[in-house]
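[1] Generate coordinates for the sequence data below:
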Amino acid sequence: MMENQYSPSISKMYRASGEEQEKAVKDILEMLETIEDHGLIGGKKFFGGDKISMVDMAFGAVAHWLGVIEDAAGLKIFEAHKFPCLQSLIQNFKEVPIIKENLPDRDKLFALLKLRREMLLASK
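    Predicted coordinates:
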């Protein structure tokens, strides 16, 4: 997974259970709420306006992984009704042809991450 401000909390959420996982979920929600609530998108198609930027690339990639990791961990964090601006941004991101053509297959990624998570939890 890409290293950025989200990765430590997403990694904890994925690798942990119980209270540790709950804290990681809380941290992720706080970060998403900050972006959503402070108008960092402001009705734009992407963070920087009408054209995709490096910020969109970093956030979009994390968002794609987050959805799969949520499913592998049996959680739902990124709910569209709670984060409508971010949801719109992610949909716009995934519709950019070069992005759409190169995102990893969700089903294969899910199977891999679910198995890996089960192995991690069993080894604790």
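[2] Make sure residue 121 is indeed in a helix.
    Yes. If the criterion is DSSP: H, G, I helix; E, B strand; the rest coil, then residue 121 is within a helix.
[3] Just confirm it contacts residue 18, I think it does.
    No. With contact defined as CB atoms under 8 Å, residue 121 does not count as touching residue 18 (10.5 Å). Every residue, glycine included, has its C-beta placed from N, CA and C.
[4] who's more crowded, these two?
    For residue 121 and residue 18, the more surrounded residue by other CB atoms under 10 Å is residue 121, and the numbers stand at 13 against 7.
[5] Could you tell me which residues make contact with that one?
    If you count contacts by CB atoms under 8 Å, 6 or more residues apart in numbering, residue 121 has them with 15, 17.
[6] tell me the pLDDT at it?
    Each residue has a pLDDT score; the one for residue 121 is 91.
[7] where does residue 49 fall, phi/psi-wise?
    Dihedral angles of residue 49 (phi, psi; degrees, to the nearest 10) stand at phi 120, psi -130.
[8] Measure how buried it is and give me the count.
    The criterion is other CB under 10 Å. On that basis, residue 49 has 10 neighbouring residues.
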